[in-house]
Structure formats: C-alpha cells, structure tokens
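1. Provided below are the primary sequence and the corresponding predicted coordinates.
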Amino acid sequence: MKNFWNRKIPTLIGLLIIILGTAVTTFLVKGETLFQIRAGPGQDPKNIKITNISDSSFTLTYLTDEEVIGTLNYGIDPNLLDNVVLDDRDQLSQSVSKYRTHSITVKNLEPNTSYYYSITSGDKKYLNNSNPYKTETGERIDKDPSSQIPMSGKVVMPDGTDVTDGIVVVGIDGAQELSTYLKDDGTYTLPLNNLRSQSLDDYFTLDATTILNIEIYSQNLFSSVSVSPGEISPVSLITLSNSYDFSNTPPELIPLAPESSESGGFPTF
C-alpha cells in the first residue's frame, strides 16, 4: 500500500500543477484588459475640431504627435458606423499616407441631420467617452452665396523650407470655423463665399471691421495670425512658430489682391 501511494503522490502533484497552470493561463487570456498592448500616445487625436459645416458636409480636423494613418467612420445610427472616409489628401491621391495633421471631409449628407462618428488613428479606434462623437449638418439656405474672394497664402518652416504636412483653421467672431490643409508646397486656398453664421442658418458677411484669426499647425509647430478681409488674398508669408497681427496694416502696405477666377464654396476634395 505504501508503494502504491509513493507512486501516486508525484502523479497527483503533476496533475494539480497542470490544472493550476491551465486555470492561470485561461485567466490571463480572458483578462486581456490587464495585459493588452496599448496604443502609443503618439497616435492619440488632439485638438479635435469640426469645421466647414454645410447642409451636406462637414470636416473633421485633429493632430497627432506621430505620423499615422487617419480615417473616420460615420452613420446616422450611433450603433452602426459603417461608412469609412479617408483623409482629404488620400481621397485626392487614391492612396493612403501617414500624417501628423489630419483633415477628413464627409460629403453627400442630408441637411439638419445628426451624424455620429468615430476616429481611427493608427491602429486604434477613438470614441467620446465610450460613445460616438456627434455633429449636425446645417439647413439649406435658399439664396445665393456671397461674392467674397477666397483666402490664400503660403507657410514655410523656420528654416525657410516648404511645409508639406499642415492644416489651417480660421475663426471669426459670430461665424462658423473653417479649415483646409496645406499643399505640398506650403500653399493654401480657403473659399469664404459659403461662410455661415455660427447658427448655420444664414451666410455670414465680412466687413471692414471683421478680424479673421488663423491657426496653422504643422510638425508640432504652431502659428497664430490675425488679418482683416483686405489682407487675405494673399495673406503675407507665414513662418511657422511665429505669430503675426496684420489686422492693422496700413492700406498702402497691403499687397494688391490678384484677380481670382476660382469658383466659390468649401474645399472640394
């Protein structure tokens, strides 16, 4: 009998170790939230803004510390975000690229309608406190837009080289926010004839007292610029990381605006 237990005890101990090991492994796998690989902070969206809202479109802009791919999923049902939209520059090139500044325009929407969306930045989906973000389109405006000329300009890096990855955001007291991205040579064009009031129910008219506050972001650099409507075509050259106030420039020092043949409306991508 003693020999029997001497043979059985090591076997039972081995079985017990196997059972405990299996249980622990199962717990660790199921408890993946304790040990999951987390997305790096460099791809977290920052400074999220909704701009360019019309009755049929809106633009999402945000920043990331690292160059990552950015897309947007949206729908009218917060539980079914099955429409995917690429970055505006990727829509043009028909190829996906990584950026630090992100501009995504959603088009062909219905007026006065709530839309829900999530952001996919890098390899992670981002929500608003576990719920989709939400925005609403404006109503149709039954009159012709204004004949306001577009804003244009150029941005360079501190060493004078072209900016290839950047966004421009424009804020005006009493009006909606607008945005566009910088082209590969650091230039930008932002139509203003469809600019709406903050309530989105009417067009906003610029006058001589209007101040346009421009924010420019690129490669973790930032510039703040203030201009008046007479100084927007073009805005004087901007060197990133510097701030400018052109709103009080004497008229004789303002460059003459070239005649523009561009059609109006928000940027079409």
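-> Great, that's in hand. Numbers count the residues shown, from 1 in each chain.
2. where does the stretch 101-250 of the chain have low pLDDT?
-> Residue ranges of the stretch 101-250 of the chain with pLDDT under 70: 249-250.
3. would you list every one of the strands in the stretch 151-269 of the chain?
-> 151-156, 167-172, 178-181, 187-190, 212-218, 221-227, 238-239, 244-245 (DSSP state E, counting those that start in this stretch).
4. and the second one, what other elements does it pack with?
-> With contacts taken as 3 or more Cβ pairs under 8 Å, 6 or more residues apart in numbering; DSSP states H and E, strand 167-172 sits against strand 58-68, strand 99-106, strand 178-181, strand 187-190, strand 212-218. In this view, the C-beta of every residue, glycine as well, is placed from N, C-alpha and C.
5. So for Val225, which of those sits nearest?
-> Between Val225 and the helices and strands packed on strand 167-172, the tightest spacing by Cβ to Cβ is seen for strand 212-218, at 4.1 Å.
6. got the angle for the closest one vs strand 151-156?
-> 40 degrees (axes from the mean of the first three to the mean of the last three Cα atoms, to 10 degrees).
7. Make 20 the starting number, not 1.
-> Sure thing, new numbering starts at 20, so read that last one as strand 231-237.
8. Any chance you could list what contacts strand 231-237?
-> Residues from elsewhere that reach strand 231-237, judged by Cβ atoms under 8 Å, 6 or more residues apart in numbering: 66, 82, 119-120, 170, 174, 176, 182, 184-191, 201, 225, 241-248, 251, 254, 257, 259.
9. Pairing partners for it, with directions?
-> Its sheet considered, strand 231-237 pairs with strand 186-191 (antiparallel), strand 240-246 (antiparallel) by DSSP bridges.
10. how close does the residue positioned nearest the centre of the chain get to Lys153?
-> Centrality entry for the chain: nearest residue to the mean C-alpha point is Thr80, 1.8 Å, by Cα atoms, centre = their mean. Noted for Thr80: a distance of 17 Å to Lys153, by Cβ to Cβ, to the nearest Å.
11. Now the buried members of the contacts of strand 231-237.
-> By neighbour count, with 16 or more other Cβ atoms under 10 Å, the contacts of strand 231-237 hold 82, 119-120, 170, 174, 176, 182, 184-191, 201, 225, 242, 244, 246-248, 251, 254, 257, 259 as buried.
12. Turn the strands of the stretch 170-288 of the chain into JSON lines, columns for distance to Ser112.
-> As requested, these are arranged in JSON lines below (distance: least, Cβ to Cβ, whole Å):
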{"stretch": "strand 170-175", "distance to Ser112": "20"}
{"stretch": "strand 186-191", "distance to Ser112": "17"}
{"stretch": "strand 197-200", "distance to Ser112": "12"}
{"stretch": "strand 206-209", "distance to Ser112": "17"}
{"stretch": "strand 231-237", "distance to Ser112": "19"}
{"stretch": "strand 240-246", "distance to Ser112": "24"}
{"stretch": "strand 257-258", "distance to Ser112": "25"}
{"stretch": "strand 263-264", "distance to Ser112": "31"}
